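Novice: Sequence first, predicted model second:
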Amino acid sequence: MRIGYPCINRSIACQGDRTFRLKSYSSERLIETVQNNLNCLEEIIRFNAKNQLLFFRITSDLVPFASHPVCNFPWQEFFQDRFRQIGKLIKRNSIRISMHPDQFTLINSVDLQIFEKGVKELTYHAEVLDLLGLPPSAKIQIHGGGVYGDKNGSLKRFVDRYGRLPLKVRRRLVLENDDRSYNLIDCLRINAETGVPILFDVFHHHVNSSGERLGEAFERFSRTWKEEDGIPMVDYSSQRKGEKKGTHAEAIDLRNFKVFLLETKPHDFDVMLEIKDKEKSALKAVRAASKDSRFQKIVR
DNA sequence: AGGTGTCAAGCGTCC
DNA sequence: GGACGCTTGACACCT
């Protein structure tokens, strides 16, 4: 078990998810921004390694506009040495990496152009992980996409489009249950047709449940991860009290987290804490899990 | 320098 | 049929 947090670290001065407006796009601006973002990524990785935070989600803003037609700069070649260096640092410290393209990226849209834009965006994510030299256990997570008033048809369209994705995307793609459209059962149906591993979001399963208890859910999605995919990834967050359903909590509730650790035994997995105060809560979770045998397997 | 409106992208929901 | 939420924050332009 590794414990981690997504995209940004507020404890260090370096801010590595910098971007800019489309209107101010230029190659110079891109180079400057990516240089900064890579430098900060390296600092975050060092911070994480030092603090036993061995799971990290790299921001999709690492290379702004990478999949946009405006970007004709060969950032892949230009930054390849830098990527390779940082990748070595990641591997040396046994850190697991994921990425999560945002809600605009979906492969089952009825509009083919949206699918094609999605493929470009997914390809960009795959290229980042490839340039870092990471194995296929470094994953890219997306949701099922739209329903368009016909879930069966839309689910089938996902399956069909999945088969048309470039191999470099497919070997890393995993499907996450979301908080309104595609619950765990829907995702498992897609898995049965495609073999895509299911990344389990504990909070989404609570908000948009298909009824399984936690133990049963873990039984089922864990089996969708093959040897080369690594151990399953899990997203964990909790409800912010007094806010509307689905709002992420400000800080981790350690009592709930410990119950979660107990309830999920004996399954091993890597857990991403989607909590607003990011690395602060992740550090608390590391302490809470420090006596758990699953956690000790990685951290020696 | 400080204030503030607005930001690449798609979907679903609410009015 | 248009505005808004989706993890909001920070960019960019204005004064």
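Specialist: Yep, that arrived. In this text the structure is predicted, and so the values were computed from the model without any measurement. Residues are numbered from 1 along each chain as shown, chains lettered A, B, ... in the order given.

Novice: Show me the strands in chain A, by range?
Specialist: For chain A, strands defined by DSSP state E occupy the ranges A:3-6, A:55-58, A:96-99, A:139-142, A:173-176, A:198-201, A:233-236, A:270-273.

Novice: Distance to DNA strand C added to these, as CSV?
Specialist: C-beta here means a position set from N, CA and C on the backbone, and glycine is covered the same way. As requested, the strands of chain A are exported to CSV (distance: least, CB to the nearest atom of the strand, whole Å):
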stretch, distance to DNA strand C
strand A:3-6, 7
strand A:55-58, 9
strand A:96-99, 11
strand A:139-142, 11
strand A:173-176, 11
strand A:198-201, 10
strand A:233-236, 10
strand A:270-273, 12
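
Novice: Mean pLDDT and mean neighbour count for these - can I get that in CSV?
Specialist: Conversion of the strands of chain A to CSV gives the following (pLDDT from 0 to 100; neighbours: other CB atoms under 10 Å):
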stretch, mean pLDDT, mean neighbour count
strand A:3-6, 94, 24
strand A:55-58, 95, 24
strand A:96-99, 96, 23
strand A:139-142, 96, 25
strand A:173-176, 96, 23
strand A:198-201, 96, 26
strand A:233-236, 95, 24
strand A:270-273, 95, 26
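
Novice: Serialize the ones you listed to a markdown table and add fields for distance to A:R255.
Specialist: A markdown table is the format used below for these (distance: least, CB to CB, whole Å):
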| stretch | distance to A:R255 |
| --- | --- |
| strand A:3-6 | 17 |
| strand A:55-58 | 22 |
| strand A:96-99 | 26 |
| strand A:139-142 | 28 |
| strand A:173-176 | 26 |
| strand A:198-201 | 20 |
| strand A:233-236 | 14 |
| strand A:270-273 | 15 |
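
Novice: Can you check which of the ones you listed gets nearest to A:T19?
Specialist: For A:T19, the closest of these is strand A:55-58, at 14.0 Å, according to CB to CB.

Novice: low pLDDT regions in the stretch 151-300 of chain A?
Specialist: Across the stretch 151-300 of chain A, the ranges flagged by pLDDT under 70 are A:241-247, A:299-300.

Novice: In it, what residue spans correspond to helices?
Specialist: For the stretch 151-300 of chain A, the helices defined by DSSP state H, counting those that start in this stretch cover A:151-162, A:167-170, A:184-194, A:202-207, A:214-222, A:254-263, A:279-289, A:293-296.

Novice: Setting aside sequence neighbours, what's the nearest residue to A:P166?
Specialist: A:T123 (6.2 Å; CB to CB, 6 or more residues apart in numbering).

Novice: so how far is DNA strand C from that neighbour?
Specialist: Plainly put, A:T123 is 20 Å away from DNA strand C if you go by CB to the nearest atom of the strand, to the nearest Å.

Novice: And A:T194, by the same measure?
Specialist: 24 Å.

Novice: Pull up the gap between that residue and A:R157, please.
Specialist: 12 Å (CB to CB, to the nearest Å).
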